[in-house]
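> what's the 3D shape of this:
(2 chains)
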There are 2 protein chains.
Amino acid sequence: MAELRRDPVTGRWIIVSSDSPLRSADLEAEERRPSGGSCPFCPGKEGMTPPEITARRAQQGPPNSSGWTMRVVPNKFPALKIEGNLNRVGVGIYDMMNGIGAHEVIIETPDHQKALPDFQVEEMFHLMELFKERSLDLRKDKRFRYLLIFKNYGESAGASLSHPHSQLIALPIVPKRVAEELKRSEAYFDQKERCIFCDLIHQELGDGERIVMESTHTVAVAPFASRFPFELWILPKTHQSDFAEAGPDLLRDVGELLRNVLGRMKRSLKDPSYNFLIHTSPLEAVQHPGYHWHLEIMPRLTRVAGFEWGSGFYINPTPPEVAAACLRGEQVKEQ
Amino acid sequence: MAELRRDPVTGRWIIVSSDSPLRSADLEAEERRPSGGSCPFCPGKEGMTPPEITARRAQQGPPNSSGWTMRVVPNKFPALKIEGNLNRVGVGIYDMMNGIGAHEVIIETPDHQKALPDFQVEEMFHLMELFKERSLDLRKDKRFRYLLIFKNYGESAGASLSHPHSQLIALPIVPKRVAEELKRSEAYFDQKERCIFCDLIHQELGDGERIVMESTHTVAVAPFASRFPFELWILPKTHQSDFAEAGPDLLRDVGELLRNVLGRMKRSLKDPSYNFLIHTSPLEAVQHPGYHWHLEIMPRLTRVAGFEWGSGFYINPTPPEVAAACLRGEQVKEQ
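All right, here's what the predicted structure looks like:
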């Protein structure tokens, strides 16, 4: 059973998996996971995953059969498990709770070799719809306080299987990084009665130098204080706190912009590993009028070293203005 | 000139280096840094570094000559520069300041092949003394608010040169991670009139299962909410906020414990990459009675993936109790 433990000094929660602890003898084994041949996400291998939660099929077919175009399954090695009641306990000065949550895998395509930049507009739209559908379904479970949708692409980004997939984790807490964004954006809203993200979009669109591209409903921007080279955020232009409230036009636009910027990264940066994730408001009854959902893309081009870990203060060798110009195609860097 | 920029949503400061921006064409070059042969930290290559700030020599000799046992030089590619006045400016909703700071390299030994576990007790003591000496010297500069001492060992930890060295960065801000520790430890002190770290040490020594080893003045513990497998903290047993106040007995003990636990990690975990860093109180006139300096060691055994980046919430596959038992040598894992 996994446990959630809280660091008493920073207040940071972590998940400790005690089911199959990584011991020192496993370290080499971890590095050499099987690749290709026996991919559990390929069509015909449906029996290798836990039974599917939902799937899209071009023609009707029974669950867990081939013929699907997208498929959602529970993670076979979940960080958190869905069974049980949530119990919080104190252990001396420490706080802990049991590891209740959900961990799902969204298999994005039956094609093992396909990457998101190769998707059709319609396929990207279906993926965004599926993110929304799972988000609406999981919030019915009142034990959950946050849903995090994310993707690891490439080894440096932590992907352990190369078949195209993204993941969703439902959490019994609001994670620290989101809580920080919420706290400061609400303080800003209290002071100004405006959303800080809306102000940021307004300033960036006026300024232009950090904009990579823009569509009717969304904008892709290299953030002013980018932690990593070529970090990008995709934001809806109109204020919206909760990703699951996005309508079809916006979802289509987000999917298309995401596909486009990932394609630009692939071409300009030699197919880098990347993580993306959706930051949205927590699953609480209270509204967060100052929060604005967005998708953050972080290519893994540099290693995070001791200074960053020690300080929470990042050194970024690529100014976001240079990154945005490069991804807009304004400067030819590959000479 | 480097810039410090603040993310308006999270309040996180980052350093953007605009001197020699990492462009997409540089990505491959970055991966293939020269190794061996022309190491600028080896004896006889003193001219390859900027002029030394200080050095230890067995026999007297002129600065920047060979014959040193430890040597401190400015980083040739500093994240921050020492010249200039600190200017803070607003750019619309954004905050920034110029990149004033110091970035020094402590070359730990003339021997390119030696690692800290191979050091003599006396050499470790001299290294700790040198950390303290630089810390005392740099705080005379009133522009600086924080000094971070850290080491990157191995490629996965971000080390770009393999010659044994650690680093020191003096910052014009208190970094976010330290500010968080300070805030919560001071709130704890206000409430209980006790230091949270002292309470943590008391509970851990009583409990024992997360203790790796103990000496007269220090203890090495796998923290209850370890973010990473085999994360370790070394803490002075007696309360002390500021690393630079450590006396010779304590410094000797810290050096010896650090050498010992790094040796245990090297043997048990197959010479892993690691980062270590010293968290100490900021350079402010105000006292921090609730803060307690400590050294954090983070082996780089797993990759940080999208979930961690997105949430600030870590998944650790190795319970700290298992890690501590393994490093105490209680269980034989390599079968």
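> Run through the stretch 201-335 of chain A and note the low-pLDDT ranges.
A:285, A:331-335 (pLDDT under 70).
> contacting residues around the residue of the stretch 151-300 of chain A found nearest chain B?
Closest residue of the stretch 151-300 of chain A to chain B, C-beta to the nearest C-beta: A:G158 (2.6 Å). (C-beta placed from N, C-alpha, C; glycine too.) For A:G158, the contact set (C-beta atoms under 8 Å, 6 or more residues apart in numbering or on different chains) comprises A:152, A:275, B:303-306.
> From the structure, what's the count of residues near A:A179?
Neighbours of A:A179 under the rule other C-beta atoms under 10 Å in any protein chain shown: 17.
> swap that for A:N85, sorry
7.
> same thing with A:H112?
14.
> Check A:W233 too.
There are 24 residues near A:W233, going by other C-beta under 10 Å.
> is it true that it touches A:V221?
Yes: if you go by C-beta atoms under 8 Å, A:W233 and A:V221 touch, sitting 5.6 Å apart.
> list residues touching both of those two?
If you check A:W233 and A:V221 against C-beta under 8 Å, 6+ apart, no residue is contacted by both.
> out of the contacts of A:G158, which one sits closest to A:D137?
B:G306 (21.2 Å; C-beta to C-beta).
> so what's the backbone phi/psi at the residue of the stretch 151-300 of chain A closest to chain B?
The phi/psi pair for A:G158 (degrees, to the nearest 10) reads phi 90, psi 10.
> What separation is there between it and B:V254?
For A:G158, the distance to B:V254 equals 33 Å [C-beta to C-beta, to the nearest Å].
> Inside strands: which ones of the contacts of A:G158?
A:152, A:275 (DSSP state E).
> In the stretch 1-150 of chain A, where is pLDDT below threshold?
Looking at the stretch 1-150 of chain A by pLDDT under 70, you get A:1, A:18-37.
> could you pull out the helices for it?
A:26-31, A:121-138 (DSSP state H, counting those that start in this stretch).
> got the domain boundaries for chain A?
A:2-19+A:39-176, A:177-328 (automatic domain parsing).
> Return the most buried member of these.
Across those, the average number of neighbours (mean count of other C-beta atoms under 10 Å in any protein chain shown) peaks for domain A:177-328, which reaches a mean of 20.
> Just list the residues touching the residue nearest to A:N75 when sequence neighbours are not counted, thanks.
Distance criterion C-beta to C-beta, 6 or more residues apart in numbering or on different chains; nearest residue to A:N75, sequence neighbours excluded, is A:H103 at 4.1 Å. The contact partners of A:H103, by C-beta under 8 Å, 6+ apart, come to A:74-75, A:78-80, A:167-170.
> can you do 6 Å?
A:75, A:78-80, A:169 (C-beta atoms under 6 Å, 6 or more residues apart in numbering or on different chains).
> Out of those, which comes closest to B:N85?
A:I169 (46.4 Å).
> Okay, and A:I278 sits in which element?
Per DSSP states H and E: A:I278 is located in strand A:274-279.
> Can you name every helix or strand that that strand contacts?
The contact analysis (3 or more C-beta pairs under 6 Å, 6 or more residues apart in numbering or on different chains; DSSP states H and E) places strand A:274-279 against strand A:146-153, strand A:294-299, helix B:306-311.
> what angle sits between it and helix A:121-138?
50 degrees (axes from the mean of the first three to the mean of the last three C-alpha atoms, to 10 degrees).
> Extract the C-alpha set from stretch A:289-299 and format it as CSV.
Provided in CSV are the C-alpha atoms of stretch A:289-299 (Å, rounded to 0.1, in the frame of the first residue of the first chain):
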residue,chain,number,x,y,z
PRO,A,289,-12.3,33.2,-9.9
GLY,A,290,-8.6,34.3,-10.0
TYR,A,291,-7.4,31.0,-11.4
HIS,A,292,-7.1,30.3,-15.1
TRP,A,293,-6.4,26.8,-16.4
HIS,A,294,-3.4,26.2,-18.7
LEU,A,295,-1.2,23.6,-20.2
GLU,A,296,2.5,23.7,-19.5
ILE,A,297,5.1,22.1,-21.8
MET,A,298,8.6,21.5,-20.5
PRO,A,299,11.2,20.1,-23.0
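> got the contact list for it?
Looking at what lies outside stretch A:289-299 - C-beta under 6 Å, 6+ apart - the contacts are A:182, A:185-186, A:189, A:195, A:197, A:228, A:230-235, A:239, A:241, A:243, A:265, A:272, A:274-281.
> How are the strands of the stretch 1-150 of chain A distributed by residue range?
Ranges of strands in the stretch 1-150 of chain A, per DSSP state E, counting those that start in this stretch, are A:2-6, A:13-17, A:54-57, A:68-74, A:88-91, A:94-98, A:102-107, A:146-153.
> Other residues contacting the longest one?
Under the contact criterion C-beta under 6 Å, 6+ apart, strand A:146-153 has outside partners A:131, A:135, A:138, A:158-159, A:166-171, A:174, A:273-278, A:282, B:305-307, B:310-311.
> Would you check that A:G61 makes contact with A:R71?
No: A:G61 lies out of contact with A:R71 (C-beta atoms under 6 Å); the separation is 11.5 Å.
> Mutual contacts of those two, please.
Counting by C-beta under 6 Å, 6+ apart, nothing touches both A:G61 and A:R71.
> who in the stretch 201-335 of chain A is up against chain B?
A:203, A:224-225, A:227, A:229, A:268-269, A:275, A:277, A:303, A:305-307, A:309-319, A:322, A:326, A:333-334 (C-beta under 6 Å from any C-beta of the partner chain).
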